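Visitor: okay, sequence plus prediction incoming.
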Amino acid sequence: MFGWLAACLLSYLLGSVPTGLILGKLLWNTDLREHGSHNIGATNAWRTLGKVPGTLIFLLDFLKGLVGAWLGFCLVGSPLAMVLSGILAIVGHSASLVLKFKGGKGVATGLGVIAYLMPMPTILIFCVWLAIVYLTRYVSLGSCVAAALVPILAWLLNEPTEFVVFGVIAAALIILRHRENIKRLLNGTESKIKAAGN
């Protein structure tokens, strides 16, 4: 029982670390909450700070999810533990204890969890996300489509049932976090991605 509690708690706390906010302030003297979409995630960092900061913040948020799922493996060792700790890393990122239960949208962190649980589906999902963003310039559209594909690909590729369930829950969390973006996409008012300085 201690292993389960430790994995879940540590994963949530790790997810709660607001990497975009911390790096934005420390390295670029910028509070991401005061610019663009006011979100602390990689997309707003890309728009506000530029390609390099945005990519760095994406990678760090990705690692939060990957390490979160890894903690479930190390401390418990079961697929269910990896799934629970991974989900809590995403929840920590989206509802950070440090930010009074506010945060990012969980895409990069969720991708990190998927990368640890299901490497092959991750490659396919990332390629789909990249293609949609490249063709449409809408990160939110790419993120929602990619999230919806997770449980489908997990099922088609015969991943463990726990991973398929994870895909359903993670997709629901990420799409729910994008509900305002979805409204703007439908209204034709969603912002397209463009790095600062471009």
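Guide: Received the coordinates, thanks. Since the structure is predicted, the reported quantities are computational estimates derived from the model, not experimental observations. Numbers count the residues shown, from 1 in each chain.
Visitor: per-residue confidence for residue 93?
Guide: The score at residue 93 is 97. That number is its pLDDT.
Visitor: give the other helices and strands that the helix or strand that it is a member of contacts.
Guide: Using DSSP states H and E, the element containing residue 93 is helix 79-94. If contacts are counted by 3 or more Cβ pairs under 8 Å, 6 or more residues apart in numbering; DSSP states H and E, helix 79-94 sits against helix 2-16, helix 51-75, helix 107-117, helix 161-177. For the C-beta atoms, the positions are set from N, CA and C on the backbone; glycine is no exception.
Visitor: pick the most buried one from the ones you listed.
Guide: Among those, helix 107-117 has the highest mean neighbour count (mean count of other Cβ atoms under 10 Å), at a mean of 28.
Visitor: distance of the residue nearest in space to the middle of the chain from residue 158?
Guide: Closest residue to the average C-alpha location of the chain: residue 107 at 2.4 Å, with Cα atoms, centre = their mean. Note on residue 107: its distance to residue 158, by Cβ to Cβ, to the nearest Å, is 25 Å.
Visitor: then residue 137?
Guide: Counting by Cβ to Cβ, the gap between residue 137 and residue 158 amounts to 35 Å.
Visitor: re earlier: may I ask which helix or strand encompasses the nearest residue to the residue nearest to the centre of the chain once chain neighbours are set aside?
Guide: For residue 107, ignoring the flanking residues on the chain, the nearest one in space by Cβ to Cβ, 6 or more residues apart in numbering is residue 143 at 4.7 Å. Using DSSP H and E, residue 143 maps to helix 139-156.
Visitor: give me the contact list for that helix.
Guide: For helix 139-156, contacts defined as Cβ atoms under 8 Å, 6 or more residues apart in numbering pick out 43, 105, 107, 110, 114, 118, 121, 124-126, 128-133, 136, 163-168, 170-171, 174-175, 178, 181-182, 184-185, 190, 193.
Visitor: for that helix, buried residues please.
Guide: 139-151, 153-154 (16 or more other Cβ atoms under 10 Å).
Visitor: any stretches of this structure with poor pLDDT?
Guide: 195-198 (pLDDT under 70).
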